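Student: When you get a sec, could you give me coordinates for this:
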Amino acid sequence: MKYLLALLLTLSFITFAQEDPAPVAGGTVTVSIVADPPGWDPTKSTSAEIARVMYNNVYEGLTTIAQDGTIQPRLAESWTTSEDGLEWTFTIREGVKFHDGTDLAIDDIVAAFARIKDPESGFTNPDYFKNVESVTAGEGNTVVFTLTAPSSSLLYNLGRSDSIIYPAAKADTQASEPIGTGPFRFAEYVVGSEVRLEKFEDYYVEGVPYLDAAVFRIIPDANATFAALQAGDIDMIGVSVTPEVALQVEADPNLKLVNEGSSTAEITMALNNSNEILSNPLVRQAITHAIDKESIVQGAFNGLGVVIGTHATPAEPYFIDVNPYPYDPERARELLAEAGYPDGFELRFEATAEYPLERRAAEVIAQQLSEVGITANLEIIDFTTWLNRIFFGGDYDMTIIGHAEARDISIYGNPEYYYKYNNPEIAVLLEQIEATPDEAGQMELYREIATIIADDAVNVWVYAPSNLIAARQDIYGFWTNAPTITIDMTGVYRAE
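Tutor: Numbers count the residues shown, from 1 in each chain. From the prediction side, this is the model:
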């Protein structure tokens, strides 16, 4: 029993409030999500819906990001590093099985990082491991990472949702038939309806998960989601709790709302910096001056969020409160005239149908921009179209989306990212971060990046929403903070 408790604490799977009842084994809990993902392999898509369902539930990596934001062991139970920081040796946990019954082998891990390093593999974020020269089998049950230069973020990147391990022999079928090592196995997917995960009986941690099954119900509409929660058709709202739903939940004695949590989501109005008009920094500054973020948070979201001025939220250790271009419509008009657009201009502006928070903010922003002469032609598109045309294709003027991935400010060092922002100074700072061994020094450099992109008005960062969790009264064990993208069901249970 002592061994089990120690292991649970080490893996940081579960956090219970003192007043929560004792965990109960068995049963099913159904959680709402808002959209179908484009497949189930997080190494091939950055879709947050994949991570919400799969990370920590079905798939695991060598490390994990715990609820308190710390890096913890997962498939690797320990690690050592050489004095020069160029060699990392990970001892892999023994007795781990994949959901197809095969044993986790060192070869599976080596193959996973060979795919990551292969430029033809389509791995989502290859820059995370650009300093990794090779990954090889070491002595005994170890894996050795050899680096070309020190990488202070290696452990963190190994815990990201796309740095997961699956059977090397089944790499090509993960998008449709995912197989991991997590506490739940992927059981069934009905397109447009639901995803069913079932308890993996051979999970290497005894006693978890508590549930026999976790079901993720796909419900795009916020009102329909609340109706399902109230009727008991679902047990939790996993994402996009609107202010109206929050008020209704608080008024229902059968339901509860947890809103003290924070997340890493930045509601971002992205600007295509390669667009002829938006390439002018004066125009981007004018757009930022034209938007009253505080009124959006207070009026449209009942104050359930924090205004931000750069790509960082209070949940992140490098958060900085900057506001170089505060709401000032008169200054916005002056800058537009100075930029050569005294009569304004017209741009496409797109939001997704599946995400109500962003869509609501977009409606207010379009109205505010019109007051300074900018016509933002708002169009609501489906998320698949957004991914293919905007995120991958870069075909847009302005769009709004929630960027939920943790510690993702490094995207501003990639000129090919859909913002099309090219600033070599950011790339230099990112290299300095990798070479900085102490966390305090790393965070200071991240803050420098955050300040630069704010001054450049690369995007309009509107606000960081509160991490609202709505659930029925008998559901416990869910994460209240969201330092990474996941709806972790490992510790969730239904009390008697």
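
Student: in which helix or strand would I find residue 294?
Tutor: Assigned by DSSP states H and E, residue 294 belongs to helix 293-295.

Student: just checking, what packs against that helix?
Tutor: Contacting helix 293-295 under the criterion 3 or more Cβ pairs under 8 Å, 6 or more residues apart in numbering; DSSP states H and E is no other helix or strand. Placement of C-beta: from N, CA and C, glycine included.

Student: for this protein, which residue is closest to the average position?
Tutor: By Cα atoms, centre = their mean, the mean C-alpha position of the chain lies nearest to residue 405, the distance being 2.8 Å.

Student: which secondary structure element contains the nearest residue to residue 101 once chain neighbours are set aside?
Tutor: Using Cβ to Cβ, 6 or more residues apart in numbering and skipping the chain neighbours, the partner closest in space to residue 101 is residue 202 (7.6 Å). Under DSSP H and E, no helix or strand contains residue 202.

Student: Next up, phi/psi of residue 470, please.
Tutor: Listed backbone geometry of residue 470 is phi -110, psi 130, with angles given as degrees, to the nearest 10.

Student: Share the number of residues neighbouring it, please.
Tutor: Burial of residue 470, expressed as a neighbour count using other Cβ atoms under 10 Å, amounts to 27.

Student: Kindly report the same for residue 370.
Tutor: Residues near residue 370, counting by other Cβ under 10 Å: 13.

Student: Excluding residues flanking it in the chain, which one is nearest it?
Tutor: Nearest in space to residue 370, with sequence neighbours left out and distances taken as Cβ to Cβ, 6+ apart, is residue 376 at 7.2 Å.

Student: Determine the three-state secondary structure at that neighbour.
Tutor: Applying DSSP: H, G, I helix; E, B strand; the rest coil to residue 376 yields a three-state assignment of strand.

Student: ok, it touching residue 349?
Tutor: Yes. Taking Cβ atoms under 8 Å as the definition, residue 376 is a contact partner of residue 349 at 3.9 Å.

Student: what touches both of those two?
Tutor: Common contacts of residue 376 and residue 349, defined by Cβ atoms under 8 Å, 6 or more residues apart in numbering, comprise 365, 366, 398.

Student: so what's the closest residue to the last one other than its chain neighbours bridging to?
Tutor: Nearest residue to residue 398 in three dimensions, chain neighbours excluded: residue 349, at 4.6 Å (Cβ to Cβ, 6+ apart). In this structure, residue 349 has the following beta-bridge partners (DSSP bridges): residue 378, residue 398.

Student: and residue 349, how many neighbours?
Tutor: Neighbouring residues of residue 349 were enumerated by other Cβ under 10 Å; the total is 21.

Student: on that earlier part again, which of the shared contacts of residue 376 and residue 349 lies closest to residue 123?
Tutor: Proximity to residue 123 was ranked across the shared contacts of residue 376 and residue 349 by Cβ to Cβ; first place goes to residue 398, at 28.5 Å.

Student: For residue 86, see how far away that closest one is.
Tutor: Note on residue 398: its distance to residue 86, by Cβ to Cβ, to the nearest Å, is 43 Å.

Student: ok so, going back, wait, the residue nearest to residue 398 sits on residue 368?
Tutor: No. With contact defined as Cβ under 8 Å, residue 349 does not count as touching residue 368 (11.7 Å).

Student: got the contact list for residue 218?
Tutor: Under the criterion of Cβ under 8 Å, 6+ apart, the neighbours of residue 218 are 32, 33, 34, 35, 36, 192, 193, 194, 195.

Student: so how far is the first residue of stretch 296-309 from its last?
Tutor: The first residue of stretch 296-309 is 14 Å away from its last residue (Cα to Cα, to the nearest Å).

Student: nope, stretch 123-139 is what I meant
Tutor: By Cα to Cα, the extent of stretch 123-139 from end to end equals 28 Å.

Student: What residues of it count as buried?
Tutor: Of the residues in stretch 123-139, those with enough neighbours to count as buried (16 or more other Cβ atoms under 10 Å) are 123, 124, 125, 128, 129, 130, 131, 132, 135, 138.

Student: coming back round to it: tell me which of the shared contacts of residue 376 and residue 349 is nearest to residue 410?
Tutor: Within the shared contacts of residue 376 and residue 349, distances to residue 410 taken as Cβ to Cβ reach their minimum at residue 398, with 22.6 Å.

Student: So what does residue 36 have for phi and psi?
Tutor: For residue 36, the backbone dihedrals (degrees, to the nearest 10) come out as phi -70, psi 140.

Student: Same check on residue 267?
Tutor: Reported as degrees, to the nearest 10, the phi and psi values for residue 267 are phi -70, psi 110.

Student: give the contact list for the closest residue to it other than its chain neighbours.
Tutor: In this structure, residue 267 finds its nearest non-sequential neighbour in residue 462, 4.6 Å apart by Cβ to Cβ, 6+ apart. Contacts were defined as Cβ under 8 Å, 6+ apart; by that measure residue 462 touches 267, 268, 269, 291, 293, 296, 297, 307, 308, 361, 365, 400.

Student: thought residue 114 was touching residue 136?
Tutor: No. Under the criterion of Cβ under 8 Å, residue 114 makes no contact with residue 136, lying 10.0 Å away.

Student: wait, isn't residue 478 in contact with residue 236?
Tutor: Yes. Here residue 478 reaches residue 236: they are 6.6 Å apart, a contact under Cβ under 8 Å.

Student: Quickly list what's touching both of the two.
Tutor: Both residue 478 and residue 236 are in contact with 469, 471, 487, where contact means Cβ under 8 Å, 6+ apart.

Student: how close does the first one sit to residue 192?
Tutor: Note on residue 469: its distance to residue 192, by Cβ to Cβ, is 24 Å.

Student: Which residue of these two possesses the greater neighbour count?
Tutor: residue 469 (24 against 9).
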